[in-house]
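>>> Okay, sequence plus prediction incoming.
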Protein chains: 2
Amino acid sequence: MNFAPVPEQLAYIKKGFSEIIREEELKQRLEASLKTGRPLRVKAGFDPTAPDLHLGHTVLLRKMKHFQDLGHTVIFLIGDMTGLIGDPTGRNITRPPMTREELNRNAETYKAQVFKILDREKTELRFNSEWLEPLKYEDIVRLCAKYTVARILERDDFEKRLKENTPISMHELLYPLAQGYDSVMLKCDVELGGTDQKFNLLVGRELQRDFGQVPQIVATVPLLEGTDGVEKMSKSKGNYIGITEAPKVMFRKIMGISDALMWRYWELLTDASLPDIAAMKSREPMAVKMELAGRIVTDFHSAAEARQAGEDFDREVRQGGEPADIVTVDYGAVREIRVPQMLVELGTAPTRTEAERLVKAGAVEIDGARYTALKWSPRAGTYSVRTGKKWKKVSLKD
Amino acid sequence: MNFAPVPEQLAYIKKGFSEIIREEELKQRLEASLKTGRPLRVKAGFDPTAPDLHLGHTVLLRKMKHFQDLGHTVIFLIGDMTGLIGDPTGRNITRPPMTREELNRNAETYKAQVFKILDREKTELRFNSEWLEPLKYEDIVRLCAKYTVARILERDDFEKRLKENTPISMHELLYPLAQGYDSVMLKCDVELGGTDQKFNLLVGRELQRDFGQVPQIVATVPLLEGTDGVEKMSKSKGNYIGITEAPKVMFRKIMGISDALMWRYWELLTDASLPDIAAMKSREPMAVKMELAGRIVTDFHSAAEARQAGEDFDREVRQGGEPADIVTVDYGAVREIRVPQMLVELGTAPTRTEAERLVKAGAVEIDGARYTALKWSPRAGTYSVRTGKKWKKVSLKD
C-alpha cells in the first residue's frame, strides 16, 4: 500500500474531530504505517439496533471514510452481544433479547445505509459476540481485575447517577470494559466515537496497555447540531435530515439552515478540506449553500437528483415560481366554490376558521394574484392555488 | 428423618450465633422440615487455601456440627474458583493460580482437620467451580443486572476503601455476587459465616429471591478472642491454639486464659448448652477450666490424652512438680561446669550473658534448691535444672 505523506494525511484526518488523544501518537503511528506499508486499524462501534440514520450519524461515518480514503482499514463493529442479551435489568421492557436472525437483518439495514458513505470493499464488518460469547467467568474476573471501581465511577453519567441515587445496575459497569476489550481483540490503532463516548474509548487505551499492546489513539467527533442550529440533531426534536429523505426535501432542509451552521456542515458533512472551506467564505453564501446541499444530496442519492433538486429549489423558492411537482385536485364541473372549505379540502389549511383567517390576511393567491373574497366562481381550466408556502392546483371542467 | 421438636432445635442452634436473620424465618423453616422430614441445607464457604486451623476457625465448624447433630445437611463449600484464578490483580505475587491437584490436596488437608468436628458421612463437600466455571459472559451480565452498584458499595470495607482512595479492583465486586450465586445453585436454607461475612451472606438472600427461591436464613458467628482475651485469635498475633498442637500444649494454653474468657470458650467451643454453662458458674473456676481444657483436648486428640494432659498439668503447675516428660542431657564425666554456658546448651537461656543474669537473679534451681554461683562441680548422678519455667535434666557419669 502506498500512503500519502504524513502531513497530508494528518491534515485530512484532523478536520472535524473535536479531540484526538494524542495527535503526536497519531503522527508517529502514521509514520510507522507509511514506512512499513501496514494500514492502520480504525474501529467505530455501533448499537445493534438498526436505526434510520440522519446526517448526525454520518459525521462519524465520514471520519471513518476519511481513513479509508487514505488507505487505512476501517472496522464497523456491531455490539451484538448486548443485543443478544437484551436489557437484563427488566426495567426496559421494550428491549427483549434479539435473535441472531434479527441481528443479521439489522446488520443488512446498516450496510444499505452506511455504504452510501463507506467503501463496502474496504470495510471490515465485525460482531463483538465473536470474542465476548466464549468468555468464561475466569476470563471476566481477570478482565475486571485490570480496572478499578473508582476509575469506572469517574465516568460522568455514573458519577451523576450515584450522587442522585439513580440506580446503576452492576452489569452496566461491565460494558466499558467489554468495549475496551473489543479494541484489544481487534488490535485497534485508532478508535472513533462521539464526544459522549470519550470515557469508554479511553478504557480501551488502558486495557490495551495492560494486554501489552500499544494503546489506541482515541478521536472524538462532536455531536452535530440540527437544522435549528441549537439542539443536537435528533429525530424526536424534528430538527433532523434523514439520509433516506427525498432529494428535494433534503435539499430544502439544508437551504433552510443559517449561514453560520452551513460552515459547520461543510466541515462535518463533506470531504472538503479546511483551506477549501476557508476559500469559500469570500463567495456569496447562498451559492455556497446551494453547493453544500447539492453535495449532500449527491452523497445519498445521485448527482442527477441533486441537480434536479437544485433547479426545483431555484425556480420555486428563489424565483417564487410554483413547484414542479405540484398536486392537481380535480373539482369537476363545480362553478361556485367556498374558498375556506376548498383550502381545507386541498390540505393547505387545517380548519375552515383558520382558512378564512388566511384568506382575509391576504395569504392566498390564485394564479399569482392575491384572492381575499370567501367565494370564487371560476371558469373551466387549471388554477394554481397558493396558501402561504403551500401550493396545489385545482382543475375545473366545463 | 425424625427431627427433635422445634423449640429444642432452636435452643441448640441459637447458642453462639451473634446474629440470625431472621430467627422467625428459621423457626418456620424448622417447622416445615419437621413436618415434611426434609433436612435443611446449611452452607458455609471456605477459602481454597488449606490452613492450619486454630480454635478460632472451629467456632463456625461447631455451629455446622450442631445442625448436623440435629439431622440437617451441612455443605462444606470450597471456593476453588478463586483459587483456580489466583489473584488476578498481580498485586499479590504470592497468590498464583492453583492447579486442580493442589486444590484437591488442600481439600484433603481440610478434611483431615474439619472431620475432627464434623461428621464425615453427613457432610456434603462441594467446589463452586462446578457452577462458576461454565458461566459465560451472557450469564454474568444477567447475574450482575440483578444487583446495583450502590448496594455493593454499601459493604463496609468497600465504602471505607472508596473514601480513602484505596483501589478496589473491579473483579472484587464480582465476588459477593458469586457467593450469592453459590447459595442459589445449592438451594441453601441457611448460610453460616463470620460477622465480617454478613454483607456477602445477605447478597445470597437477595439473589435467591430474584431467582424465585425462598431467601436463605443468614447466621453469623462472632470472631473468637485469642488467649489474651483481647485480640481476635490469629497465628500472627501469637494468641492462638492450633488444633494440631500437642495435647499438653493445648491444655496449658487453655488453662492460661482468664476466667471471663473461659465462659466465652465454653459457649463457642463446646456443645454444652447455655443452661449447663450457667450451672457451672457456681463451681470453682479452676476446676471448670480444667474440664474445658479436657473437653477441647478430647475433641482434637483423645480422652486418654486429655486425661494425661490434665494429670501432667496438675502435678507440674498446680503442685509445682517437675514435668513428666522432662528431657535429660548427658554431660558424661565432666566435673566442672560453667552454669551460664550449660543453660545455653540446655536451651533454657538464649545467651551466656542472659544466662548469667538469670543465675544472679536467683531464677535457677538445681534439684529444687536455688543456685546462684557461676560454677558447679557436681558428683555423678542426675539433676533437675530449672530456669524459670523451663525444666531439663543433666546426667553425669563417674
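Ah, there it is.
>>> Residue A:271: what's it in contact with?
A:62, A:65, A:66, A:69 (CB atoms under 8 Å, 6 or more residues apart in numbering or on different chains). In short, each C-beta sits where N, CA and C put it, glycine included.
>>> Phi and psi next, for the closest residue to residue A:368 other than its chain neighbours.
Take residue A:368 and drop its neighbours on the chain: the residue closest to it by CB to CB, 6 or more residues apart in numbering or on different chains is residue A:384, 7.1 Å away. Main-chain torsions, residue A:384, degrees, to the nearest 10: phi -90, psi 130.
>>> Any buried residues in stretch A:129-144, and which?
A:129, A:131-132, A:135-144 (16 or more other CB atoms under 10 Å in any protein chain shown).
>>> and what of stretch A:142-159?
Buried-residue list, stretch A:142-159, by 16+ other CB under 10 Å: A:142, A:143, A:144, A:145, A:146, A:147, A:148, A:149, A:152, A:153, A:155, A:158.
>>> and these as CSV, adding secondary structure?
Output for the buried residues of stretch A:142-159, formatted as CSV (DSSP: H, G, I helix; E, B strand; the rest coil):
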residue, secondary structure
A:142, helix
A:143, helix
A:144, helix
A:145, coil
A:146, coil
A:147, coil
A:148, strand
A:149, helix
A:152, helix
A:153, helix
A:155, coil
A:158, helix
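>>> Chain B next: which of the residues you listed are close?
A:142, A:143, A:144, A:145, A:146, A:147, A:148, A:149, A:152, A:153, A:158 (CB under 8 Å from any CB of the partner chain).
>>> mind checking which helix or strand residue A:77 is in?
strand A:73-78 (DSSP states H and E).
>>> Touching that strand from outside, list them.
With CB under 8 Å, 6+ apart as the criterion, strand A:73-78 contacts A:39-48, A:64-65, A:67-68, A:103, A:106-107, A:110, A:114, A:118, A:122-128, A:182, A:186, A:188.
>>> and those, which are buried?
Applying 16+ other CB under 10 Å to those flags A:39-46, A:48, A:64-65, A:67-68, A:103, A:106-107, A:110, A:114, A:118, A:122-123, A:126-128, A:182, A:186, A:188 as buried.
>>> Residue A:142 contacts residue B:85, doesn't it?
Yes. With contact defined as CB atoms under 8 Å, residue A:142 counts as touching residue B:85 (6.9 Å).
>>> Among the buried residues of stretch A:129-144, name the ones in helices.
A:129, A:131, A:132, A:137, A:138, A:139, A:140, A:141, A:142, A:143, A:144 (DSSP state H).
>>> Report the separation between the first one and chain B.
In this structure, residue A:129 lies at 9 Å from chain B, with CB to the nearest CB, to the nearest Å as the measure.
>>> Briefly note if stretch A:48-60 comes near chain B.
No. Using CB under 8 Å from any CB, stretch A:48-60 stays clear of chain B, coming no nearer than 14.0 Å.
>>> burial count for the residue of the stretch 251-398 of chain A found nearest chain B?
Using CB to the nearest CB, the single residue of the stretch 251-398 of chain A nearest to chain B is residue A:268, 34.7 Å away. By other CB atoms under 10 Å in any protein chain shown, the residues close to residue A:268 number 23.
>>> same check, this time on residue A:100
Counted with other CB under 10 Å, residue A:100 comes out at 12.
>>> Chain neighbours aside, what residue packs nearest to it?
residue A:84 (7.4 Å).
>>> for residue A:134, same thing?
Residue A:134 sits nearest to residue B:136 (CB to CB, 6+ apart), 7.6 Å away.
>>> Quick one: residues contacting the one you found.
By CB under 8 Å, 6+ apart, the neighbours of residue B:136 are A:133, A:134, A:135, A:136.
>>> does it have beta-bridge partners, and which?
residue A:136 (DSSP bridges).
>>> Tell me the spacing between it and residue A:137.
Look at residue B:136 and residue A:137: by CB to CB, to the nearest Å, they are 8 Å apart.
>>> for residue A:219, same thing?
34 Å.
>>> follow-up on the earlier one: using CSV, please lay out the buried residues of stretch A:142-159 together with distance to residue A:197.
Shown next, in CSV, are these (distance: CB to CB, whole Å):
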residue, distance to residue A:197
A:142, 25
A:143, 19
A:144, 21
A:145, 24
A:146, 20
A:147, 17
A:148, 20
A:149, 21
A:152, 15
A:153, 17
A:155, 11
A:158, 14
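>>> Please give me every residue in contact with residue A:392.
A:326, A:327, A:328, A:329, A:346, A:347, A:348, A:384, A:385.
>>> buried set for the helix or strand where it lies?
Element membership for residue A:392 (DSSP H and E) is strand A:390-396. By neighbour count with 16+ other CB under 10 Å, strand A:390-396 contains the buried residues A:391, A:392, A:393, A:394, A:396.
>>> Give me the residues contacting stretch A:354-373.
A:339-341, A:343-344, A:348-349, A:374, A:376, A:383-388.
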